[in-house]
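Student: fold the following.
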Amino acid sequence: MESCSRGSEFGGAFVEAAVVTPLLIMLIVSIMQFGYVYGVMSNLRGASAVGARAAILGSGQTSQQVCSAARNALASLIDTSQLNCYTSPSVLPAAANAPVTITLSYPVPIWSSPTGILRGPTLTLTAQTTMQ
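Tutor: The predicted structure follows:
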């Protein structure tokens, strides 16, 4: 009789492991995805500040030059070809002491793999900096 009870305990542990393991894997992958999104957002905020600073301090900077400065400030975490950059006012250089706003937006794929096998929804992150 003892061998039967040990076998049922082993079966119960196996069932528990089969239920808990996918949940733990999903939790770990979700934490990694959150870290990636947080890193991208942090980089976008920093790059928008660099772009706004370039617009304010640079004499005669055009919108393309300001957006180029923001792209150059980004880390390798972001594919700059997918980055959208907007300036307000849309025509730079702005008047003296006029506020300049730089807006960067970047689409982040959620739950996708580098090989493209998994495709999930896309989250668009936006960072905006205004300087005067």
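Student: helices of this protein, start to end?
Tutor: With DSSP state H as the criterion, the chain has helices at 2-57, 63-72.
Student: redo those as JSON lines? Include mean neighbour count.
Tutor: Yep, even glycine has a C-beta here, placed from its N, CA and C like the rest. As requested, the helices of the chain are arranged in JSON lines below (neighbours: other CB atoms under 10 Å):
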{"stretch": "helix 2-57", "mean neighbour count": "13"}
{"stretch": "helix 63-72", "mean neighbour count": "19"}
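Student: hey, least reliable of those helices by pLDDT?
Tutor: Mean pLDDT is lowest for helix 2-57 out of the helices of the chain, coming in at a mean of 86.
Student: now do it and helix 63-72, the angle between them.
Tutor: Taking axes from the mean of the first three to the mean of the last three CA atoms, to 10 degrees, one finds that helix 2-57 is oriented at 150 degrees with respect to helix 63-72.
Student: helix 2-57 - contacts with which helices or strands?
Tutor: Packed against helix 2-57, as judged by 3 or more CB pairs under 8 Å, 6 or more residues apart in numbering; DSSP states H and E, are the following elements: helix 63-72, strand 84-88, strand 100-109, strand 122-131.
Student: what lies in contact with the third one?
Tutor: It refers to strand 100-109. In this structure, residues lying in contact with strand 100-109 by CB atoms under 8 Å, 6 or more residues apart in numbering are 36-37, 40, 44, 47-48, 51-52, 55-56, 66-67, 70, 78, 82-89, 92, 94, 119-132.
Student: try 6 Å
Tutor: 37, 40, 44, 47-48, 51-52, 55-56, 82-88, 94, 122-131 (CB atoms under 6 Å, 6 or more residues apart in numbering).
Student: returning to what we had before: adding distance to Gly12, write the helices and strands packed on helix 2-57 out as JSON lines.
Tutor: Below are these laid out as JSON lines (distance: least, CB to CB, whole Å):
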{"stretch": "helix 63-72", "distance to Gly12": "56"}
{"stretch": "strand 84-88", "distance to Gly12": "54"}
{"stretch": "strand 100-109", "distance to Gly12": "39"}
{"stretch": "strand 122-131", "distance to Gly12": "40"}
